[in-house]
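got a predicted structure here, sequence first:
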Amino acid sequence: MSYKEDAMTFAQASAIRAVKTFAQTAVSLVGTNTMGITQIDWVGVLSGAALAAVLSLLTSVATGLPEVPEKKAPAAEGKGPDVEEGGA
């Protein structure tokens, strides 16, 4: 894959993870200390969920994603492990 394709794959996986984190956080915040739909602090719920989504994106950038395999750098030409240096 090219660099552009790798970046798109990473961006898509990061976005999916951030949206899932947003939804999970919103559900957990809605379910705490509410008796009815009118008592929900929607600004607080959306604020907390948005913060969780941003932190998810930053974590993905900092640590990578298991669903996006890392590429290994190719060995320098003629410098692979099976090439003898300096001759015998």
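Received it, and whenever you're ready, just let me know what you need. Numbering: from 1, shown residues only.

in which helix or strand does Val68 reside?
Assessed by DSSP states H and E, Val68 sits outside every helix and strand.

ok, it to Gln12 distance?
Distance from Val68 to Gln12, counting by CB to CB, to the nearest Å: 9 Å. The C-beta positions use only the backbone N, C-alpha and C, and glycine is treated the same way.

what's the answer for Val19, then?
Distance of Val19 to Gln12, computed by CB to CB: 11 Å.

how about Leu55, phi and psi?
Main-chain dihedrals, Leu55, degrees, to the nearest 10: phi -60, psi -40.

count of neighbours near it?
Leu55: 13 surrounding residues under other CB atoms under 10 Å.

who's in contact with it?
Residues in contact with Leu55 (CB atoms under 8 Å, 6 or more residues apart in numbering) are Thr21.

next, count neighbours for the residue nearest to Val19 when sequence neighbours are not counted.
For Val19, ignoring the flanking residues on the chain, the nearest one in space by CB to CB, 6 or more residues apart in numbering is Ala53 at 7.2 Å. Burial measure for Ala53: 21 neighbouring residues, criterion other CB under 10 Å.

swap in the one 3 residues further on?
The local packing count at Ser56 equals 20, with neighbours defined by other CB under 10 Å.
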